[in-house]
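J.: what follows is a protein structure lacking sequence information:
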């Protein structure tokens, strides 16, 4: 059964990362920096804090900033439910100004361990309220706010490589893919597949509470207008899983 799950995960990663790239794309480069914190206030309950800063290839301009707050409930060691709110600011390069997005999200996550490795499957439903900018009398204004539902599926695999001599640190390989699917008719993006993010990289796990990951992300964006985009991204992520109660 475990071998079947491994093979299925690899197949899903391969399909999601290749099936949408068979057309001509516009390529660019970017750099992403992220902090993701999971703060456990009891064995079952906790809260989520996240900040991401997405810059261009020369680190001169911010293309997007993202902030998430939420809460989660651990049903057991394998199943977690989460929900929360996100605020996203994205650059409109044509108008050289930023538009806002308010986002509500709900999430189901299933993880399991096999040997020293971990597989995670995450389903996230988003309700997006996205502003649209326009040029009026030489000034950039918010012309309207559009609503969209979106579903995201992430398959994430952590493969243990080695432990360091101190016994507190672990080196691992991370391999993951996430596909974004637009639901229903909307004005934000009428493409069925919104985008796909394929990651491969390495991480260090310190005392099972702090992880630092460096990865390459192949980020495909199925644009509503203009050319589709393939962004080659260097991603640096700090993750914390902190216990704030006496066990």
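T.: Thanks, I have it. The shown structure was predicted, so the numbers you read here are calculated from the model rather than taken from an experiment. Numbers count the residues shown, from 1 in each chain.
J.: show me which positions of stretch 208-224 end up buried.
T.: Within stretch 208-224, the residues that qualify as buried are 211, 213, 215, 217, 218, 219, 220, 221, 222, counting by 16 or more other Cβ atoms under 10 Å. Just so you know, the C-beta spots here come from the backbone N, C-alpha and C atoms, and that holds for glycine as well.
J.: what packs against the longest strand along the chain?
T.: For the chain, the strand reaching the highest residue count under DSSP state E is reported as strand 139-163. Applying 3 or more Cβ pairs under 8 Å, 6 or more residues apart in numbering; DSSP states H and E, one finds that strand 139-163 contacts helix 2-18, strand 117-136, strand 169-183, strand 193-206.
J.: nearest to residue 36, of the buried residues of stretch 208-224?
T.: Within the buried residues of stretch 208-224, the smallest distance to residue 36 is 9.0 Å, found for residue 211 (Cβ to Cβ).
J.: give me the pLDDT value at the closest one.
T.: Note for residue 211: predicted pLDDT of 97.
J.: any idea how far the residue nearest the centre of the chain is from residue 207?
T.: Centroid-nearest residue in the chain: residue 178, 7.4 Å away (criterion: Cα atoms, centre = their mean). Here residue 178 is placed at a distance of 27 Å from residue 207 (Cβ to Cβ, to the nearest Å).
J.: just residue 195 next, same as before
T.: For residue 195, the distance to residue 207 - Cβ to Cβ - is 34 Å.
J.: do the same with residue 220
T.: 36 Å.
J.: same thing with residue 125?
T.: From residue 125 to residue 207 the distance is 33 Å (Cβ to Cβ).
J.: which stretches of this protein have low pLDDT?
T.: The chain contains residues with pLDDT under 70 at 1-24.
J.: hang on, the earlier thing: among the helices and strands packed on strand 139-163, which is nearest residue 93?
T.: Between residue 93 and those, the tightest spacing by Cβ to Cβ is seen for strand 117-136, at 11.1 Å.
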